[in-house]
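Chemist: Quick check, what structure comes out for this input:
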Amino acid sequence: MSVQSHIKIIAQNKKARFDYFIDDEYEAGIALKGSEVKSLRMGKASLKDAYAKITNGEVFVYQMNISPYPFAYYGNHQPKRPRKLLLHKQEIKRLLGKTQEKGYTLIPINIYFKGSNVKISIGLAKGKQKYDKRETIRKRDEKRDMDRAKKEWR
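Modeler: Alright, predicted model coming up:
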């Protein structure tokens, strides 16, 4: 059995690929509390409006919502607290250099279980203009029309 068969996606940021051009993707671990992991196993996470930032040589993800675990008696977590991402020092230096360029930012793309570990995929992204978004919509509509025509042809 391969490790790839043990990936279970918890949450995706569907607007990330629509609003940004993703240049590079990095896989990182997340420093979590126990109640956060239990809540993630229930699928209670959202990456909407989440972003990552490098502070003092460490990468943190902000505005990622992990709902409180309903069965925790005490020691439950704050839903939108900043969470530290676990990356190698060289990866952080590379990301720091890129994010200092004009227009680049770090966007969480999805959060998933890889085996028993929680991982997050962050992308080095550059924002799209309005005309780029219209182009994306046009391509998606054309692909949908092509798929319909192919289905009718069969």
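
Chemist: By average pLDDT, which secondary structure element in this protein comes out worst?
Modeler: helix 16-19 (a mean of 83; mean pLDDT, DSSP states H and E).

Chemist: For the helix or strand following it, which outside residues touch it?
Modeler: Once helix 16-19 ends, the next helix or strand along the chain (criterion: DSSP states H and E) is strand 20-30. Identification of contacts with strand 20-30 by C-beta atoms under 8 Å, 6 or more residues apart in numbering yields 16, 59, 61, 83-87, 91, 95, 98, 104-105, 107, 109, 111, 114, 117-128, 132. All C-beta atoms are positioned from the backbone trio N, CA, C, and that covers glycine.

Chemist: Stretch 37-57 too?
Modeler: Residues outside stretch 37-57 that contact it (C-beta under 8 Å, 6+ apart): 10-13, 15-16, 32, 59-69, 71-72, 77, 85, 89, 92, 95-96, 99, 105-111, 113, 118, 122.

Chemist: what's near enough to touch Phe18?
Modeler: In this structure, Phe18 makes contact with Lys128, Lys133, Thr136, judged by C-beta under 8 Å, 6+ apart.

Chemist: rerun at 10 Å
Modeler: The contact partners of Phe18, taken as C-beta atoms under 10 Å, 6 or more residues apart in numbering, are Lys128, Asp132, Lys133, Thr136, Ile137, Arg140.

Chemist: isn't the first one right up against Asp19?
Modeler: Pointing back at Lys128 there. Yes - between Lys128 and Asp19 there is a contact under C-beta atoms under 10 Å: 6.0 Å.

Chemist: Common neighbours of those two, please.
Modeler: Taking C-beta under 10 Å, 6+ apart as the contact rule, Lys128 and Asp19 both touch Thr136.

Chemist: Can you show me the strands along this structure?
Modeler: 7-12, 20-30, 45-46, 51-55, 58-62, 65-66, 83-86, 104-114, 117-127 (DSSP state E).
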